[in-house]
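In: Quick one: sequence plus predicted model below, questions after.
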Amino acid sequence: IQSGLQPLLSAERLEQTLDNFRASFPSSLADPGLVWQALEDTALAGHHVPPAAALASVLLTFAVSAVATPITYPLDAPYGPAEKYNPELAAEFYAKRPGIVIQRCLQLAFSGTPLGVSLLIDKYITKKDEDTATKKIRAKSLLEFVERNGCTYIKIGQAASVREDIIDEEYAKELSKLQDRVPPFPSSQAQEILEDNFGPLRNTFSDFDVMKGPIASASIGQVYKAKTLDGVDIAVKVQRPNVVNQIALDLFIVRTFAPIYQRITQATTDLQALADEWGRGFIAELDYRSEAKNTKEFNAAMKEKGLTAVTSPTVVDSLSTNKVLTTQWIEGTRLDKSDADDVARLCAVALNAYLVMLLETGVLHCDPHPGNLLRTTDGRLCILDWGMTLDIDPGLQLSLLEFVSHLTSEQYDEIPSDFVKLDFLKADKEEFVRKSGFLEPLTYILKQAGQGGGGKKVRERIINEFKEKYPDLDDDELRDAMRAEMKEYSEKAKAKTVVVGGISAKVSELQAANKDAFSIPEWFLYTSRAFLTLEGICLTADEDFSIISECFPYVAKRLLSDDSERAQAALKNMIYGAAGVFDPQTVIDTVDGFASFQTSTKGGAHSQQDAGAIDTAVLREGADLLLTVNGSNALQDLTTDIGSDAVTAVVKGFLSDLPFTPSKSREFLELTESERKATEILNLFQSRGVG
């Protein structure tokens, strides 16, 4: 062996290398030096082993040992004492500890070998694309890989499940099933952490037997039920020991290999930057003081906004630290598992709460899976787990408000401009999108979605429309007709807007060839995840539920109550439209929406007496908007327009009915369009019993 390796390493250099190798790996791993010594002994006994076989034996022994042995994480902090995500500090930290990096890479490689080998065979040997059935099988393998490999990969899997720009739709769909559940760590360790923070438990809690085990265990911590010294039920969340080192190591590996994956998949997203963004969120989530602050600020904001139908657990500050979070115990049922008759109402409450977060408070809850949405016993919605939030820029809030107002009022021509403001679309691509015909199919789908019923009902309505149009076609012929008509729909749109020379690409080709024009903002990922969760729950309770329609009450309330220039412009645009004449039904819908928002977001399950008090509060808030003296707003302008036109219409009608009014004068007494619409609005209010 020595003579075979002599050209590569001197005996002294070989011994030094083995010493360094041993020092960088946990002592629990098989010592490559001992394996080497055994091979030397075999050689001295006259049984010569080829040098390559000897080296392979050493490496194989080490690899098997690395995979089978749990990692012993260092106690030092990879991000320094501040424990804020810092990839540069992590790189320095793990450069000095290559052993655990290699060990973790080997564990991940072994765990992902079946999936990885099948993908490599397809790409480099058979060179065939995956069919749907194969994707579904491999997606399940990916889910199992993520669940096997701990908290970081569960977090990454959850984040990637809404990123179909970086993973295939089938894989994303399977990852969306991820639940943040992992085996609990020993309660004896939890007790040590609690006693380090608060001293003997008997001096802090009246009833807390940690050794009974947790009631729930997640990737970052686990929850116990206990009582305070004065007998109040509480939930105590204890962070996993040394979890920051586990997450930091996996993030370092993901960040290191992200550019390689990006080159292989030719993804347009900067995956290393995305890994950094995830890292900042994951590490920030480890500071329970931040989660406590987010929880308290949400409760205060909802109280200030009058949304008393939604809440979060009350934080017990005296029993909370950066590693332990204590809140009052919440009695309730998961919203998606509740059989109460107010589930649909609470979904609307949740939707409004997320709109308020997105468009007013500017702090968005980023973990809206069904397990974090509870129906309390008093009929309110409770949102749990405020460890991960996203700050929303105020400029983005107004752009979103304008977009939602265009969507609810079906002004789809404004959507490309909205996409630019919302960072979906690059500004220099706006005109290209308008000319491409992309907008026409989008408009059609949005109109269908606005009628409610989710994806299933939308598909049914589209198919029924085509069946009525082509009654003699069988199913296959009908599908061909639908595809052809959609293509023609796009081509007609091009013909209306394209200059000489035109654009001949199809809508699908536009999207495929211009990935650089489109991006997916982070706020959209979390908001869409929340809305998809809520829509799924609501469709179970009400098969005709329309999430677009449910947005309208909040939009009406916000536009009516926001006196900023852009919000007032959005309200006028929604009511008056491009023609500059108000639409009676939109006015009625806006007033109804304001009342609906105020009613649905106050209190829990209402008694008749409560309902009366809520109606009074709604009328008071409406009067405050209408009678404010801090300058004029769009509501006052609209009321003035309608009122003056209505009075004029009444006077004209009175004069026209007089028997002695000259016939020539009657021509001047004919109602204008705005006067007719004002009269129509008054008639609509009267027919609905509105004073």
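Out: Everything's here; your move. Numbers count the residues shown, from 1 in each chain.
In: Do I have it right that R104 meets L251?
Out: No. No contact is recorded between R104 and L251 when judged using C-beta atoms under 8 Å, the distance being 11.3 Å. Glycine gets a C-beta too; all of them are placed from N, C-alpha and C.
In: more neighbours, the two?
Out: For R104 versus L251, neighbours defined as other C-beta atoms under 10 Å are more numerous around L251 (24 against 20).
In: all strands for the stretch 301-450 of the chain, in order.
Out: Listed from the start of the chain, the stretch 301-450 of the chain has strands (DSSP state E, counting those that start in this stretch) covering 310-311, 324-328, 332-334, 363-365, 373-376, 381-383, 389-391.
In: Point out the one among these that comes closest to V244.
Out: Between V244 and those, the shortest gap by C-beta to C-beta is with strand 324-328, which sits at 15.1 Å.
In: Show the average pLDDT along that closest one.
Out: For strand 324-328, mean pLDDT is 97.
In: got the contact list for that strand?
Out: Counting by C-beta atoms under 8 Å, 6 or more residues apart in numbering, strand 324-328 makes contact with 193-194, 197-198, 221, 232-239, 288, 291-292, 295, 313-316, 319-320, all of which sit outside it.
In: buried stuff in that strand?
Out: Taking 16 or more other C-beta atoms under 10 Å as the basis for neighbour counts, the residues of strand 324-328 that come out buried are V324, L325, T326, T327.
In: and the third one, what are its bridge partners?
Out: Read it as T326. V236 (DSSP bridges).
In: where's it relative to V650, distance?
Out: Noted for T326: a distance of 65 Å to V650, by C-beta to C-beta, to the nearest Å.
In: name the helices or strands packed onto the one helix or strand I156 maps to?
Out: When elements are defined using DSSP states H and E, I156 is found to belong to helix 151-160. Using 3 or more C-beta pairs under 8 Å, 6 or more residues apart in numbering; DSSP states H and E as the contact criterion, the secondary-structure elements in contact with helix 151-160 are helix 132-148, helix 169-175, helix 243-265, helix 271-284.
In: Rebuild those as TSV, extending it with mean pLDDT and distance to R676.
Out: Supplementary listing: the helices and strands packed on helix 151-160 in TSV, determined by pLDDT from 0 to 100; distance: least, C-beta to C-beta, whole Å:
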stretch	mean pLDDT	distance to R676
helix 132-148	89	56
helix 169-175	84	50
helix 243-265	91	60
helix 271-284	88	54
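In: could you dump those helices to TSV with distance to L400?
Out: Conversion of the helices and strands packed on helix 151-160 to TSV gives the following (distance: least, C-beta to C-beta, whole Å):
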stretch	distance to L400
helix 132-148	32
helix 169-175	24
helix 243-265	30
helix 271-284	20
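In: I'd like to know which of these lies nearest to K155.
Out: Set against K155 and scored by C-beta to C-beta, these come closest in helix 271-284, at 5.5 Å.
In: Run the angle between the closest one and helix 151-160 for me.
Out: Counting by axes from the mean of the first three to the mean of the last three C-alpha atoms, to 10 degrees, helix 271-284 points 120 degrees away from the direction of helix 151-160.
In: helices and strands around helix 271-284, which ones?
Out: Based on contacts counted as 3+ C-beta pairs under 8 Å, 6+ apart, the elements that helix 271-284 packs against are helix 151-160, helix 243-265.
In: mind listing what's buried in it?
Out: The neighbour-count criterion (16+ other C-beta under 10 Å) identifies L271, Q272, L274, A275, D276, W278, G279, G281, F282, I283, A284 as the buried residues of helix 271-284.
In: Pretty sure the third one sits against A258.
Out: Yes. At 7.5 Å, L274 and A258 qualify as touching, with contact defined as C-beta under 8 Å.
In: quick revisit: turn the buried residues of strand 324-328 into TSV, columns for distance to C151.
Out: TSV is the format used below for those (distance: C-beta to C-beta, whole Å):
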residue	distance to C151
V324	18
L325	17
T326	21
T327	21
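In: re earlier: buried deepest among the helices and strands packed on helix 271-284, which one?
Out: Sort these by mean neighbour count, taking mean count of other C-beta atoms under 10 Å, and helix 151-160 sits at the top with a mean of 22.
In: Now do it and helix 132-148, the angle between them.
Out: 140 degrees.
In: quick revisit: nearest to P370, of the buried residues of helix 271-284?
Out: Of all the buried residues of helix 271-284, G281 has the smallest distance to P370: 20.4 Å, by C-beta to C-beta.
In: Settle this for me: the closest one is touching C366, isn't it.
Out: Yes. Taking contact to mean C-beta under 8 Å, the distance of 7.2 Å between G281 and C366 places them in contact.
In: Mutual contacts of these two, please.
Out: M388.
In: returning to what we had before: which one among the buried residues of helix 271-284 gets closest to I264?
Out: Distance from I264 was checked for each of the buried residues of helix 271-284 by C-beta to C-beta. The minimum falls on L271, at 10.7 Å.
In: from memory the closest one sits against Y261, does it?
Out: Yes. Here L271 reaches Y261: they are 6.2 Å apart, a contact under C-beta under 8 Å.
In: Lowest-scoring secondary structure element of this structure by mean pLDDT?
Out: Every helix and strand in the chain was compared by mean pLDDT, DSSP states H and E; the lowest is helix 507-513, with a mean of 37.
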